[in-house]
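A.B. asks: Provided below for reference: sequence and predicted model.
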Amino acid sequence: MDLRFERRCLLFDLGDLEPVPARRLLRVGHAFVSHAHMDHFAGFDRLLRLCLGREKALHLFGPPGFVDNVAGKFAAYTWNLAPGYAADFAVTATALEEDGSALTAAFHSRRRFVREGERRIRFEDGVLVREEALTVRYATLDHGIPSLAYRVEEPAHVNVFKDRLEAMGLAVGPWLRALKRAVLRGDPDDRPVAAPGRDGTETVLPLGRLRAEALLVTAGQAIAYVVDTAFTPQTAARIADLARGVDVLFIESPFRAADTELAALKRHLTTGQAGRLAAMAGAKRVVPFHFSPRYQGQEEEMRREVETAFRHPM
Ligand SMILES: [Zn+2]
């Protein structure tokens with residue numbers, strides 16, 4: 001998920017990261033892993049390799065046992081050279097329990113990625129990240145093992161009218177990020193804001209004037225990410241709750257609608273179930289993915305099955 005204005009990215013699962021450009025991966029500060037099956041975690045190495053030698057902090061979240069999973073990744077390599085790197089790459093791994101309790105530990109390149117500072121923490125109401133620009137929360141689903149689903153939400157969305165800024169003689173640039181955050185925080189109208197002019201000078205304007213003339217605040221957007229889960233009354237209720245009213249629900253649909261028994265056996269969803277869950281949640285749009293390779297060439301039919309169940313839930 002590319003938060004362009006924030007110049008940062010969020011990752012959901014660390015699957016095959018080869019198609020993701022390095023410049024995007026380098027902007028990742030938080031990655032949210034559903035579970036540690038290989039196809040959701042094998043991409044960790046690419047991210048690690050890219051970040052090595054850079055001053056960077058990476059926060060990883062995952063299911064119970066996840067701190068061991070991350071420690072195991074580091075244990076696979078030899079780090080005698082790492083303390084010599086000029087910059088420290090710091091990784092925090094947090095393993096989330098169903099009840100909001102969690103185990104967290106840190107790993108630093110300058111100390112050869114030994115596990116340190118391990119402690120128990122708590123997250124209230126499933127909220128993992130709460131910042132001015134976004135909130136991230138999780139829910140625990142059932143894939144035979146715990147599998148985590150995530151929701152990202154903006155409290156509000158601040159649009160900038162570049163043409164109006166230009167008409168005011170102001171330049172676009174990084175200062176707009178701070179301006180947006182000030183608006184999202186609800187800072188007072190008379191707060192002075194230093195704005196760079198197009199001619200290189202600096203003007204100080206009240207926040208209220210910038211808001212009135214160059215910004216439009218609209219409702220924030222929300223997305224949810226749901227993968228690798230069985231369809232049970234409990235998971236259905238949790239998905240509907242987590243994904244309530246999202247703009248886009250990204251949801252796995254590995255099995256065709258007719259193959260419910262097979263899907264149940266593998267603790268996965270069918271296309272029909274994915275579409276119904278999107279309808280139950282009141283999602284505005286559903287994007288299915290994670291189709292099983294057994295249906296190669298049938299992706300269009302599978303998308304149609306999801307859409308039909310979404311539009312006409314039984
Ligand atoms: Zn899995």
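C.D. replies: Perfect, thanks for sending it.

A.B. asks: for the ion, what are the nearby residues on the stretch 151-300 of the chain?
C.D. replies: Within the stretch 151-300 of the chain, the positions lying close to the ion (Cβ under 5 Å from the ion) are residue 228. Every residue, glycine included, has its C-beta placed from N, CA and C.

A.B. asks: how about the strands in the stretch 151-300 of the chain?
C.D. replies: 156-160, 192-196, 202-206, 215-219, 222-226, 248-252, 286-289 (DSSP state E, counting those that start in this stretch).

A.B. asks: Mind listing what's buried along the second one?
C.D. replies: Going back to what we said before, that points to strand 192-196. Buried positions in strand 192-196, judged by neighbour count with 16 or more other Cβ atoms under 10 Å: 193, 195.

A.B. asks: thinking again about what came up before, output the strands of the stretch 151-300 of the chain in TSV, with mean pLDDT appended to each entry.
C.D. replies: Formatted as TSV, the strands of the stretch 151-300 of the chain follow (pLDDT from 0 to 100):
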stretch	mean pLDDT
strand 156-160	87
strand 192-196	91
strand 202-206	91
strand 215-219	89
strand 222-226	97
strand 248-252	98
strand 286-289	98
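
A.B. asks: wait, which of those is closest to residue 68?
C.D. replies: Checking the strands of the stretch 151-300 of the chain against residue 68 by Cβ to Cβ gives strand 222-226 as the closest, at 23.3 Å.

A.B. asks: From the rest of the structure, what touches the closest one?
C.D. replies: Residues outside strand 222-226 that contact it (Cβ atoms under 8 Å, 6 or more residues apart in numbering) are 1, 12, 32, 34, 141, 149-154, 239, 242-243, 245-252, 277, 281, 283.

A.B. asks: can you check stretch 303-314 too?
C.D. replies: 253, 256-257, 270-276, 278-280, 283, 286, 288.

A.B. asks: just these now: which is nearest residue 298?
C.D. replies: Nearest to residue 298 among the contacts of stretch 303-314, counting by Cβ to Cβ, is residue 256 at 7.2 Å.

A.B. asks: Number of residues surrounding the closest one?
C.D. replies: 20 (other Cβ atoms under 10 Å).

A.B. asks: got it, and residue 16?
C.D. replies: When counting by other Cβ under 10 Å, one arrives at 12 neighbours for residue 16.

A.B. asks: which bits of the stretch 1-150 of the chain sit near the ion?
C.D. replies: residue 37.

A.B. asks: what about the helices in the stretch 1-150 of the chain?
C.D. replies: If DSSP state H, counting those that start in this stretch is used as the criterion, the helices of the stretch 1-150 of the chain fall at 22-25, 38-41, 44-51, 66-75.

A.B. asks: Go ahead and name everything in contact with the first one.
C.D. replies: In this case it means helix 22-25. With contact meaning Cβ under 8 Å, 6+ apart, helix 22-25 is reached by 2, 9, 11, 17, 46, 47, 50, 51.
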